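In: only geometry, no sequence info:
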């Protein structure tokens with residue numbers, strides 16, 4: 001499973017611009033209107049950048065993450081809502097409650113093999129009321145099949161090298177930072193069509209797939225990520 005280092009946290013997690021978060025939360029507010037989807041589960045919530053804004057908008061938000069340090073820090077940022085729990089995504093069945101909506105954002109889905117990834121989706125379905133929605137933020141396989149290689153990058157005034165490769169149905173990303181530290185990550189890649197096929201037997205139907213958190217942009221092989229809307233039946 002992917003493990004995120006302090007270098008990754010400082011370079012990526014803590015440097016998401018507020019305007020990007022506002023775009024993403026605006027999309028969630030439109031796709032999950034509070035009248036129908038008040039009880040929301042933010043899976044792999046990190047520091048709660050989505051959860052805290054949804055809670056401020058009136059949602060009853062539970063954020064879960066397996067990293068105890070991130071959960072402790074997220075709790076210091078609020079005195080009431082959201083509620084934060086330390087929980088591995090593979091133990092969603094431990095939550096003895098139901099939700100109107102769930103989300104797994106910022107490419108936090110697909111860490112495992114096919115069976116475990118399906119198990120995660122099935123576990124989310126088990127927590128959703130009929131008609132509930134799951135929002136997934138995924139890497140698009142067709143984009144990365146044509147965008148592999150080694151590139152120099154800069155973010156937050158730091159330089160790093162990114163190596164991207166696709167082997168079978170998996171995306172691998174290796175990062176080497178300017179201080180010599182490294183991270184390696186892998187995800188199972190799912191095109192919208194395959195996601196729809198896999199989700200249906202698990203009780204979730206793909207209703208739409210967008211890009212850039214924008215309903216006017218359909219999922220595309222020209223863009224690295226897409227947002228899938230799945231509805232529980």
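Out: The structure has been received and is ready for your questions. Owing to the predicted nature of the structure, the values given are computational and were not obtained by experimental measurement.
In: Now do the helices in the chain.
Out: 6-11, 18-31, 51-56, 68-76, 114-127, 141-145, 192-199 (DSSP state H).
In: now the first one: how far from the chain's centre is it?
Out: Meaning helix 6-11. 17 Å (Cα atoms, centre = their mean, to the nearest Å).
In: Residue 63 contacts residue 40, correct?
Out: No - if you go by Cβ atoms under 8 Å, residue 63 and residue 40 don't touch, sitting 9.2 Å apart. For every residue, glycine as well, the C-beta is placed using N, CA and C.
In: So for the two, which residue has more residues nearby?
Out: residue 63 (31 against 26; other Cβ atoms under 10 Å).
In: Next, count neighbours for residue 13.
Out: Residue 13 has 16 neighbouring residues, counting by other Cβ under 10 Å.
In: ok, it to residue 183 distance?
Out: 12 Å (Cβ to Cβ, to the nearest Å).
In: Just the angle for the longest strand anywhere in the chain relative to helix 18-31, thanks.
Out: Scanning the chain for the longest strand, with DSSP state E as the assignment, gives strand 128-139. Per axes from the mean of the first three to the mean of the last three Cα atoms, to 10 degrees, the angle that strand 128-139 makes with helix 18-31 is 140 degrees.
In: So which residues make contact with strand 128-139?
Out: 28, 31-32, 36-37, 98-110, 121, 124-125, 171, 187, 189-190, 195, 204, 224-233 (Cβ atoms under 8 Å, 6 or more residues apart in numbering).
In: Just the buried subset of the residues you listed, please.
Out: 28, 31-32, 37, 99-110, 121, 124-125, 171, 187, 189-190, 195, 204, 224-232 (16 or more other Cβ atoms under 10 Å).
In: Look up how far residue 43 lies from residue 121.
Out: With Cβ to Cβ as the criterion, residue 121 and residue 43 are 11 Å apart.
In: quick one on the thing from earlier: and for residue 63 and residue 40, which residues touch both?
Out: Residues touching both residue 63 and residue 40 by Cβ under 8 Å, 6+ apart: residue 51.
In: show me the residues around the residue nearest to residue 123 when sequence neighbours are not counted that make contact.
Out: Spatial nearest neighbour of residue 123, chain neighbours left out: residue 92 (3.9 Å); criterion: Cβ to Cβ, 6 or more residues apart in numbering. Listed by Cβ under 8 Å, 6+ apart, the contact partners of residue 92 are 43, 64, 120, 123, 124, 126, 127.
In: now, which of those residues sits nearest residue 145?
Out: Comparing these against residue 145 with Cβ to Cβ places residue 120 closest, at 24.0 Å.
In: okay, now that closest one: neighbour count?
Out: For residue 120, the neighbour count with other Cβ under 10 Å is 19.
In: And residue 155, by the same measure?
Out: 10.
In: How confident was the prediction at the residue nearest to it when sequence neighbours are not counted?
Out: Computed as Cβ to Cβ, 6+ apart, the closest residue to residue 155 that is not its neighbour in sequence is residue 11, at 5.7 Å. Looking at residue 11, its pLDDT is 94.
In: Also residue 1?
Out: 60.
In: Now the residue most central in space within the chain. Its backbone dihedrals?
Out: Nearest to the geometric centre of the chain sits residue 105, at 2.0 Å (Cα atoms, centre = their mean). Reported as degrees, to the nearest 10, the phi and psi values for residue 105 are phi -110, psi 170.
In: what's the burial count for the closest residue to residue 189 other than its chain neighbours?
Out: In space, and not counting its chain neighbours, residue 189 is closest to residue 141: 3.7 Å by Cβ to Cβ, 6+ apart. Neighbours of residue 141 under the rule other Cβ under 10 Å: 19.
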